[in-house]
Every structure is written in structure tokens, then in C-alpha cells.
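Novice: Sequence plus the predicted model coming up.
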Amino acid sequence: MTVDSQTTDTAVTDTAPTGPSFAELGVRDEIVRALGEEGIVHPFAIQELTLPLALAGDDLIGQARTGMGKTYAFGVPLLNRVTTDTERPLAGAPRALVVVPTRELCLQVYGDLAGAAKYLTADGGRKLSVVSIYGGRPYEPQIEALRAGADVVVGTPGRLLDLAQQGHLQLGGLSVLVLDEADEMLDLGFLPDIERILRLTPDTRQAMLFSATMPDPIITLARTFMNQPTHIRAESPQSSQTHDSTEQFIYRAHALDKVELVSRVLQAEGRGATMIFTRTKRTAQKVADELAERGFKVGAVHGDLGQIAREKALKAFREGDVDVLVATDVAARGIDIDDITHVINYQIPDDEQAYVHRIGRTGRAGKTGIAVTLVDWDELPRWALIDKALGLDCPEPAETYSSSPHLFEELNIPADAKGSVGKPARREGKRTTRGERGSEQAPADRPKRTRQRRRTRGGRPETNGAEAAAPAADGDQGPAGDSAATGENAESSRPPRRRRRRGPRKPATESAVNAG
């Protein structure tokens, strides 16, 4: 594929890193040292072909499927260039800008760049500054970080544009501009914001665009802001869009049996970190709640959660505190973990590209993975379109239930696997409402709260000596402001009440006698 008549199109095979090392490709020793500490010595295909061109300052388009190392393909040359450019010294104003579509991806890219730059220094011996800018967080800390000096900025389009228009983010001194996951930004409707950001950058900066796919609007965008880019594809044109290292299983499943079925899949032999994708936020929360009740260590990431809760859930997933993450597609490109073993499509996505990005969470960095897709009866027409577009040759999946023998056999699930694994587990990323906070179990050392029904006479609170003398055990106040008597002793010390009979007792009616 070519962007225009001046674009060079180069394709390489999609293989594990076996070529020259980063040091042999001319990367600075400080970056090589930082990457080496993470066990990264040899570049992947997209990185190997990108580095020489990017280090030379050329514009380029990198196209590779999810999980093939696009972050370091632009991150390493970006850091190398801004710290070796003697004509434009680092003075605290942004020299490089990376634009990403989602908050999760922003944090991921920021973490990778900050890790690779930890031994790099700017002018005056200060440490190179990498700053993340994204929505869902207060403006003030991000503004302060920019004022303190930001050499490299990673951010989402909306917040970047806001701070630029307010004058807090200066883009006139950029040397390098990167658009990461450009097709995702197109899908999310960020293209107008991207165009406004581009108009704020100098024409002389180096531009790099990375994307898994190249739809026509992205090609048009590349023509407007790039100068004779080289198009690098880290795969052969005939290769399949889905990962060859990911084994795919597609089952026709009933909606009422899906959670039960997923519970069995989560007990498969060799199952490690697992991502479960849903189409809606409500379903994501429901599935996470039900799996937590079944004893699985599960977190959730979706749009109804606050940013702090989402980051907490992602951190727990990365650190292994939870090994199941239920997410909507907002997180499909924002989590870069090499050891995810299983991806489960609880609900099928809208199209084939979303399917590719979802299952791209597993089978990364040369490892193998398993993708399980559950297709409900009403989803069959849409699944047939995805199947045809990707050439999966499975338009009508086999009808499957949580007790189906072929499910256990194909996914290596123990025959004695049940629908739960023990006591309900604590779940990260759970929304907490006021009602939920009130229903949480009290600590063991806190005295139990007891409420005594207040007796009344004639609509007025009755306060005899025993009630007036006995304070409430936990400080509860009654409607009239006085304390309610509690405990068995308070009840027994109250003098008996006299019943006042008003007039002669009426004889029972025949119907009342019969009813009795």
C-alpha cells in the first residue's frame, strides 16, 4: 500500500526479534542500558526497519498489527533524536509530542517512554522529562508539570487541544510529532481535533504515523502533514490480519449460559492473565460482578468508572493482583502486557477490525495465545460478516453450553471444573455507591448497632425512667432527639402498661367467629 506516488512501500516478515541489537543500530548507550534492564535487546521487525529512517529524521508510516512493538518503534528514535540534536537544545519546552486515542494507551506509552529515558539527561544535567496529559484528571497538576518543564509530552487529543488553546502547552518548538493508533483516533471521532493540533505545530518537524490499518481518511491525513513518508509494513501483504500465534475458538452460546461457560474457561489448564471483552458498559460491570461472586480475582475497565478506578484496576491487572480483566473496547488498545494467555469475546464486536484489536491482546511478542468468542443467536448475522472479512471459515459456530464435552476437550478444562472456585473474591475497579458503602460489613471490633422499636402512646414518645436513663449504645438519636433504650435489661425494667378498656366489649360477629 502506498500513501502517494512519492511514498516508498517496504514490507518485512512478522517474526520474533533475531536481527541486530539496538546498540548495533546506533541507539544511544543510555537508552540501550534502560531497555536491557527490561530484557529488551533485539528489535522486532517494525522496530528494526523503522530505526535507521527515524534516526535520520525521515517522515514515516509504520503499519503493524497490535502487539508487534510499535511503541518502541517510534519511542526509541524519538528519545534518541531530541537528546542528540545540538541545534535545538532542551530548555523545558516540549520537543516531542505523541498523540494517542485513549487514556489507557496514554499511560502505557508514557510508562514505556519514561522507562527508556530514565538515564537520559537534558541541558544542565537535569533528567529528561516525560509528561502525560489526558482527560479524567484535574487540570492543575498537568499544568504544573508543563510549567516545570516537559521535554516529551504524551497525551490524548481533547486534553492536549484544551491546554494548547489555553496557552499552557506550547507546540511551536516541536522537533518530532507522532500519531499512534491513528485508525483508532479516526474511529473515536478525534480527526478534527488532530487536524487542529497539527496546525499548531511547525512545518519543519519530523512526523511519524503508526496504525494497524490504513483507511482512506488516514491516508488523506498523512498526505496533508507528512513530507514524502516511507511506508513500512511489518508483515507480508498476503499474511492474515489475525495473529498466527493465537488459536481461535468460536462457539454459539446462549446469553443465560455465558457466565457459566466463561467460568469453566477460566479454569483451563495453563490459563494466565485473561481479558474479557463486552460491547456495553453495563454488561462489563455485570460480568465482573458475577465472576467475583464465583470466586475469581477480577477487575473491570469501562466508561462508567472514574479515571482513578480504571487506573487502579489496570495496575492490579498488570501487577497480577487480579488475573481477569473485563473491559469494553475502550481498553482494547490501552493494555500492553505480553503474558496475556486468553482473550474472551463475551459479546462480539461491531466489525472485523475491532475483533483483530481485541484478540491482539494475546499472542504478543512471539508468544502463543487463545481467543474464545461467544456468539449469541441474535449476533449470527454480524458474526457472519466478521468471519467473511477475516476469512476465518466459521460462519455458523457449533452450539455450545457450559457442560458441552467439546468445550472441555478443546480448551483443556479439567472434567471436574465447576461454576465457581471458592468464596467471592475482592474485585478491583468496582463502583461504590452510597448504598453499597452502607451495606459493607462492619469491622469485628466495632460494636453492633441495634435499634429498638420505640413504643408510643397517643402518638407521643413514651419516656419512663428506664428509657430516659439508658443511653443509646452507638449514639443513634430517635426522631425526637432522645436516645432509644437498647438491650434486654432495658425492656425488662419497664413497668407493665395498663390497658384501659373503653366501654363494654362487643360480642363477636358470626363471621368473625367463623373466620377464627
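Specialist: Received the coordinates, thanks. Numbering: from 1, shown residues only.
Novice: any low-confidence regions in the protein?
Specialist: 1-18, 65-67, 86-87, 123-124, 235-244, 331-336, 338, 364-366, 425-516 (pLDDT under 70).
Novice: Residue ranges of each domain in it, please.
Specialist: Domain assignment for the chain by automatic domain parsing gives 8-233, 246-430.
Novice: Need the ones you listed in TSV (columns: mean neighbour count).
Specialist: For the C-beta atoms, the positions are set from N, CA and C on the backbone; glycine is no exception. Output for the domains of the chain, formatted as TSV (neighbours: other CB atoms under 10 Å):
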stretch	mean neighbour count
domain 8-233	19
domain 246-430	19
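Novice: what residues are up against the residue nearest to R88 when sequence neighbours are not counted?
Specialist: Distances taken as CB to CB, 6 or more residues apart in numbering put S175 closest to R88, at 6.1 Å, once the chain neighbours are dropped. Neighbouring residues of S175 by CB atoms under 8 Å, 6 or more residues apart in numbering: 81-82, 85, 88, 95-96, 205-206.
Novice: Same check on R28?
Specialist: 79-80, 83-84, 120.
Novice: Swap in 10 Å and give it another go.
Specialist: 22, 34, 55, 76, 79-81, 83-84, 119-120 (CB atoms under 10 Å, 6 or more residues apart in numbering).
Novice: what about S132, is that helix, strand or coil?
Specialist: Put simply, S132 is strand when judged by DSSP: H, G, I helix; E, B strand; the rest coil.
Novice: That one contacts T156, correct?
Specialist: Yes. Shown here, S132 and T156 form a contact pair, counting by CB atoms under 10 Å, at 9.2 Å.
Novice: what's the overlap in contacts for those two?
Specialist: Residues touching both S132 and T156 (CB under 10 Å, 6+ apart) are 100, 103, 106.
Novice: so how far is the host helix or strand of F210 off the chain centroid?
Specialist: Assigned by DSSP states H and E, F210 belongs to strand 206-211. Strand 206-211 sits 24 Å away from the centroid of its parent chain (CA atoms, centre = their mean, to the nearest Å).
Novice: same question, stretch 412-427
Specialist: 24 Å.
Novice: got the CA positions of it in PDB?
Specialist: Written as PDB, here are the backbone C-alpha positions of stretch 412-427 (Å, rounded to 0.1, in the frame of the first residue of the first chain):
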ATOM      1  CA  ASN A 412      -8.100 -28.300  28.200                       C
ATOM      2  CA  ILE A 413     -10.600 -27.700  31.000                       C
ATOM      3  CA  PRO A 414     -10.500 -30.200  33.900                       C
ATOM      4  CA  ALA A 415     -13.500 -32.500  33.900                       C
ATOM      5  CA  ASP A 416     -14.400 -31.600  37.500                       C
ATOM      6  CA  ALA A 417     -14.400 -27.800  36.800                       C
ATOM      7  CA  LYS A 418     -17.500 -26.200  38.400                       C
ATOM      8  CA  GLY A 419     -19.100 -22.800  38.000                       C
ATOM      9  CA  SER A 420     -17.200 -21.300  40.900                       C
ATOM     10  CA  VAL A 421     -13.800 -21.600  42.500                       C
ATOM     11  CA  GLY A 422     -14.400 -20.600  46.100                       C
ATOM     12  CA  LYS A 423     -15.500 -17.700  48.200                       C
ATOM     13  CA  PRO A 424     -16.400 -14.400  46.500                       C
ATOM     14  CA  ALA A 425     -13.200 -12.500  45.600                       C
ATOM     15  CA  ARG A 426     -12.400  -8.900  46.000                       C
ATOM     16  CA  ARG A 427     -12.700  -7.100  42.700                       C
END
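Novice: Not counting that stretch itself, show me its contacts.
Specialist: Taking CB under 10 Å, 6+ apart as the rule, stretch 412-427 contacts 259-271, 288-289, 291-300, 313, 316, 321-322, 324, 326, 370, 402, 405, 407-409.
Novice: Narrow the contacts of S175 to those in helices?
Specialist: 81-82 (DSSP state H).
Novice: Which of the contacts of S175 sits closest to G391?
Specialist: Distance to G391 across those (CB to CB) is lowest for Q206, with 37.1 Å.
Novice: and which of the contacts of S175 is nearest to V41?
Specialist: Nearest to V41 among those, with distances taken as CB to CB, is R81, at 21.1 Å.
Novice: hang on, isn't the closest one packed against G75?
Specialist: No. Using CB under 10 Å, R81 is not in contact with G75, being 11.0 Å away.
Novice: any shared contact partners between the two?
Specialist: Joint contacts of R81 and G75 (CB under 10 Å, 6+ apart) are 54, 96.
Novice: hang on, the earlier thing: L160: which of the contacts of S175 is nearest?
Specialist: Using CB to CB, those come closest to L160 at A96, 13.0 Å.
Novice: got a list of what the closest one touches?
Specialist: A96 touches 74-75, 78-79, 81-82, 113, 130, 150-154, 174-178, 205-206, counting by CB under 10 Å, 6+ apart.
Novice: try it again with 6 Å
Specialist: 78, 82, 152, 176 (CB atoms under 6 Å, 6 or more residues apart in numbering).
Novice: Of those residues, which pair is most distant in space?
Specialist: V152 and V176 (8.6 Å).
Novice: mind checking which helix or strand V326 is in?
Specialist: Secondary structure from DSSP H and E places V326 in strand 324-327.
Novice: So which elements touch the helix or strand where I386 lies?
Specialist: Applying DSSP H and E as the criterion places I386 in helix 380-390. Applying 3 or more CB pairs under 6 Å, 6 or more residues apart in numbering; DSSP states H and E, one finds that helix 380-390 contacts helix 352-359.
Novice: Dump the helix it packs on to CSV, keeping only the CA atoms.
Specialist: The C-alpha coordinates for helix 352-359 follow below in CSV (Å, rounded to 0.1, in the frame of the first residue of the first chain):
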residue,chain,number,x,y,z
GLU,A,352,-13.7,-7.2,12.0
GLN,A,353,-11.1,-4.5,12.9
ALA,A,354,-12.3,-4.4,16.5
TYR,A,355,-12.1,-8.2,16.5
VAL,A,356,-8.5,-8.1,15.4
HIS,A,357,-7.6,-5.5,18.0
ARG,A,358,-9.3,-7.5,20.8
ILE,A,359,-7.6,-10.8,20.1
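Novice: All set, thanks.
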